[in-house]
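Undergrad: Model the following, please.
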Amino acid sequence: MSRQLKGKILIGFFSLLMLLFAACNRGGNSDKETAHATSYTCPMHPQVVTKEPGTCPICHMDLVPTHRHEGEDRVQADLNRLIKPTNQLVLADVRTVKPQEGVRFAELSLQGVINYNTNNWRAVSSRVGGRIEKLYVEYSYQPVTKGQKLMEIYSPDLANAQQELLYVSRAGDRKLLDAAKRKLLLLGATAQQINQVLKTGKVDYSVTIYSPYSGYLTEPSAGAASPTVYAPGSTAIAAEGAEMGGGMSSMGGGASSSTPSVPKVTSNAPLQLREGQYVSAGETLFQLINAADVWAEFFAGPEQLRFLKKGSLVQLTSVDDPRLKTAARVTLLQPYYSEGNSFSLLRAKVGNTARQWKVGQLISVKTELDRKFGTWIPRTSVLSLGTRNVVFVKQGAAFVPRYVELVERRGNWVDVGSGLSKDTELAVNAWFLVDSESLVDVDSLSQ
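TA: Numbers count the residues shown, from 1 in each chain. Presented below is the predicted three-dimensional model:
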């Protein structure tokens with residue numbers, strides 16, 4: 001019985017100690033709350049604020065203390081970067097790039113056209129006068145091969161020369177026979193035709209005229225015996241390439257320029273010569289142009305001529321088929337002045353035995369200028385402010401604007417010299433970080 005009594009006394013004693021400890025804690029917390037309380041306000045009427053505890057004069061509720069949050073200082077510190085203006089710091093998640101050291105080369109890019117090589121023009125003339133009995137060609141720029149039939153012609157001179165040949169052959173005079181053969185050859189007859197006359201003993205009143213060359217046939221009135229000159233208009237020159245260290249691949253870019261006019265070639269037009277028409281001795285009947293080699297013609301302004309001279313190597317690429325390309329050297333620079341513009345026509349000879357280059361085909365012409373070693377970043381990473389240039393450097397989750405000096409330009413890349421280290425991360429497109437109403441604060445930029 002006494003043991004049970006002692007146990008109950010101990011339990012009661014410990015319960016009393018726990019109540020006292022809880023009361024002390026509540027008192028401590030209350031003291032802390034009071035210590036941290038800066039003012040008192042009504043829960044229902046927050047406009048009522050006093051420095052001493054009491055009741056609300058409106059609803060007579062007890063006023064409660066206002067508290068400062070322990071994390072307030074930390075939160076405010078985290079928000080410092082959020083409340084900065086966009087001309088000093090920008091929060092964004094955009095693609096970045098690092099400066100790349102290496103060698104980049106510039107290219108001069110022009111537009112041109114394929115044209116006939118006028119040195120390959122050949123004339124087919126009538127050596128005798130007579131009447132055209134039959135035509136074997138039908139239209140201008142018809143391709144013909146050497147030895148192909150062009151026409152059959154009746155000529156009294158050829159008929160008389162054949163009769164003389166037969167007469168002297170019967171007489172047996174060797175010298176007169178050789179002279180008669182030579183006369184027929186000079187009048188345009190072939191050795192095969194002469195032997196045929198001697199073999200049959202008959203005069204052939206219609207003699208066939210064969211093509212002495214291969215090429216495209218046209219008449220003198222429809223030909224383009226002189227090269228076509230194309231006025232330049234507006235040109236934009238500056239392409240670029242690169243040979244970058246660290247596995248960078250060569251990069252090419254181009255700038256568009258005005259498209260030259262296509263030569264006016266009268267193709268598939270009917271011939272003016274007709275069967276039954278008379279021709280005179282020495283008259284030019286046809287012209288033949290051989291396209292085994294052609295000209296690549298393009299123009300350049302005075303500012304580009306310092307990069308081009310006779311013998312300069314250029315790369316020619318077809319505009320329609322980029323796989324068709326070749327290298328050639330400049331063979332001619334011819335100055336022109338047209339409509340207030342001074343420019344030069346340049347010409348390069350291109351081999352065309354496979355006939356892959358077509359007259360009138362548009363081409364792009366490129367030549368390498370100089371090479372420059374530097375620290376390169378994309379041009380889109382630079383924001384121009386007139387006389388100064390700015391890039392956005394990544395710092396954590398934000399981007400900070402910074403001045404840079406541009407040393408060289410190579411197409412879509414710029415050299416910033418030693419202004420940026422290789423490990424610096426930049427926004428690929430600086431314009432994405434600037435809105436239409438904000439300006440970069442030049443006084444706040446880090447140099």
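Undergrad: show me where the stretch 101-250 of the chain has helices.
TA: Taking DSSP state H, counting those that start in this stretch to define them, one finds helices in the stretch 101-250 of the chain at 156-171, 174-186, 191-200.
Undergrad: ranking those by burial, who's on top?
TA: helix 156-171 (a mean of 17; mean count of other Cβ atoms under 10 Å). To be clear about C-beta, it is placed using only N, CA and C from the backbone, and glycine gets the same treatment.
Undergrad: how much does that helix deviate in direction from helix 174-186?
TA: Here the directions of helix 156-171 and helix 174-186 differ by 160 degrees (axes from the mean of the first three to the mean of the last three Cα atoms, to 10 degrees).
Undergrad: From the contact counts, what lies against helix 156-171?
TA: strand 130-135, helix 174-186, helix 191-200 (3 or more Cβ pairs under 8 Å, 6 or more residues apart in numbering; DSSP states H and E).
Undergrad: Of all those, which one is nearest Glu275?
TA: strand 130-135 (5.4 Å; Cβ to Cβ).
Undergrad: Can you lay out the helices of the stretch 101-250 of the chain as JSON lines showing distance to Arg104?
TA: Converted to JSON lines, the helices of the stretch 101-250 of the chain look like this (distance: least, Cβ to Cβ, whole Å):
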{"stretch": "helix 156-171", "distance to Arg104": "70"}
{"stretch": "helix 174-186", "distance to Arg104": "65"}
{"stretch": "helix 191-200", "distance to Arg104": "65"}
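Undergrad: Output stretch 274-293 in CSV with nothing but the alpha carbons.
TA: In CSV, the C-alpha atoms belonging to stretch 274-293 read as follows (Å, rounded to 0.1, in the frame of the first residue of the first chain):
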residue,chain,number,x,y,z
ARG,A,274,16.3,29.1,-147.9
GLU,A,275,16.5,26.3,-150.5
GLY,A,276,16.6,27.9,-154.0
GLN,A,277,18.4,31.0,-152.7
TYR,A,278,21.4,32.2,-154.6
VAL,A,279,24.7,32.9,-152.9
SER,A,280,27.7,34.7,-154.1
ALA,A,281,31.4,33.8,-153.9
GLY,A,282,33.0,34.8,-150.6
GLU,A,283,29.7,35.3,-148.8
THR,A,284,29.6,34.2,-145.2
LEU,A,285,26.9,31.6,-144.9
PHE,A,286,27.2,30.5,-141.3
GLN,A,287,29.2,31.0,-138.1
LEU,A,288,30.3,28.2,-135.8
ILE,A,289,31.1,28.7,-132.1
ASN,A,290,32.9,25.9,-130.3
ALA,A,291,32.0,25.6,-126.6
ALA,A,292,34.9,23.3,-125.7
ASP,A,293,36.0,26.2,-123.5
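Undergrad: May I see the buried residues of that stretch?
TA: 279, 285-291 (16 or more other Cβ atoms under 10 Å).
Undergrad: Now, those that are in helices?
TA: Residues of the buried residues of stretch 274-293 located in helices (DSSP state H): none.
Undergrad: tell me which of those is nearest to Pro270?
TA: Phe286 (13.7 Å).
Undergrad: how about that closest one, what does it touch?
TA: Neighbouring residues of Phe286 by Cβ atoms under 8 Å, 6 or more residues apart in numbering: 123-124, 137, 150, 217-219.
Undergrad: Neighbour count, pLDDT and distance to Ala106 added to these, as a markdown table?
TA: Converted to a markdown table, these look like this (neighbours: other Cβ atoms under 10 Å; pLDDT from 0 to 100; distance: Cβ to Cβ, whole Å):
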| residue | neighbour count | pLDDT | distance to Ala106 |
| --- | --- | --- | --- |
| Ala123 | 14 | 84 | 46 |
| Val124 | 18 | 85 | 49 |
| Val137 | 17 | 89 | 50 |
| Leu150 | 22 | 90 | 52 |
| Leu217 | 24 | 85 | 45 |
| Thr218 | 24 | 83 | 42 |
| Glu219 | 16 | 80 | 47 |
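Undergrad: how about these in CSV, adding distance to Lys51?
TA: Below are these laid out as CSV (distance: Cβ to Cβ, whole Å):
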residue, distance to Lys51
Ala123, 116
Val124, 118
Val137, 116
Leu150, 120
Leu217, 112
Thr218, 109
Glu219, 113
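Undergrad: sorry, back to before: so which of the helices of the stretch 101-250 of the chain is nearest Gln47?
TA: Of all these, helix 191-200 comes closest under Cβ to Cβ, at 123.9 Å.
Undergrad: For that closest one, output the C-alpha coordinates as CSV.
TA: C-alpha atoms of helix 191-200 as CSV (Å, rounded to 0.1, in the frame of the first residue of the first chain):
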residue,chain,number,x,y,z
ALA,A,191,39.3,15.0,-152.4
GLN,A,192,36.6,12.3,-152.1
GLN,A,193,34.3,14.3,-154.5
ILE,A,194,37.2,14.7,-157.0
ASN,A,195,37.9,10.9,-157.0
GLN,A,196,34.2,10.2,-157.4
VAL,A,197,34.1,12.4,-160.5
LEU,A,198,37.2,10.7,-162.0
LYS,A,199,35.8,7.2,-161.2
THR,A,200,32.3,7.8,-162.7
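Undergrad: quick one: contacts of it?
TA: Residues from elsewhere that reach helix 191-200, judged by Cβ under 8 Å, 6+ apart: 162, 165-166, 169, 181, 184-185, 203-204, 207-208.
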